[in-house]
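Peer 1: sequence and predicted model, in that order:
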Amino acid sequence: MQEQEAASLEFQKYLLVQLRALGGFRVRDNWSDKQVLNMLILSKEERKALGVVADPDEACLNRLKAYYNAVAQCLEKELGLFATPLLHISSEGFGKALVTVGRLVVINKTLRDVHRFSFRTEAQLLTQSNSLINEALTVARSFPDAARV
């Protein structure tokens, strides 16, 4: 359990750095960690208010990039190998999120309704992120030769 808590703290640290960097001119440096993480937290009602059909704006795309950058940083730290997040999003908010390590695709997520990308709680954010990272680590460790190339 302590190992999972440490992994959550590590991911949270990377995510906070990525999200704070979005502010430009150090705007979010004085925000509390909770305020920064709340950029990715939406209640069920808030998500519903966004509607189903909408084009993702730049702020939304930046939050998505920050999230996958933080995931890649965790993978790099754990594996000691370079991890590259790749996002391809259409103007309608559909697309793919990939994270590669060497020649290996360790994360392959289909994205829908990107303008609604969020989590209901901070706990859900950390739990789902840890699960995603652990699955990616399992793939990378299962094919070490492909990951090292």
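Peer 2: Yep, it's here. Residues are numbered from 1 along each chain as shown.

Peer 1: could I get the contacting residues of the closest residue to Val36 other than its chain neighbours?
Peer 2: In space, and not counting its chain neighbours, Val36 is closest to Leu19: 5.0 Å by C-beta to C-beta, 6 or more residues apart in numbering. Every C-beta, even on glycine, is put in place using the N, C-alpha and C of the backbone. Leu19 sits next to 28, 36-37, 39-40, 63, 66 when contact means C-beta atoms under 8 Å, 6 or more residues apart in numbering.

Peer 1: quick check, nearest of the residues you listed to Thr110?
Peer 2: Arg63 (18.1 Å; C-beta to C-beta).

Peer 1: spit out the contact partners of the spatially most central residue of the chain.
Peer 2: Centrality entry for the chain: nearest residue to the mean C-alpha point is Tyr67, 2.4 Å, by C-alpha atoms, centre = their mean. Residues in contact with Tyr67, defined by C-beta under 8 Å, 6+ apart, are 15, 18, 40, 117, 129.

Peer 1: partners of whichever strand or helix holds His88 in the sheet?
Peer 2: Here His88 is covered by strand 83-89, with elements defined by DSSP states H and E. Sheet neighbours of strand 83-89, with direction, are listed as strand 95-101 (antiparallel) (DSSP bridges).
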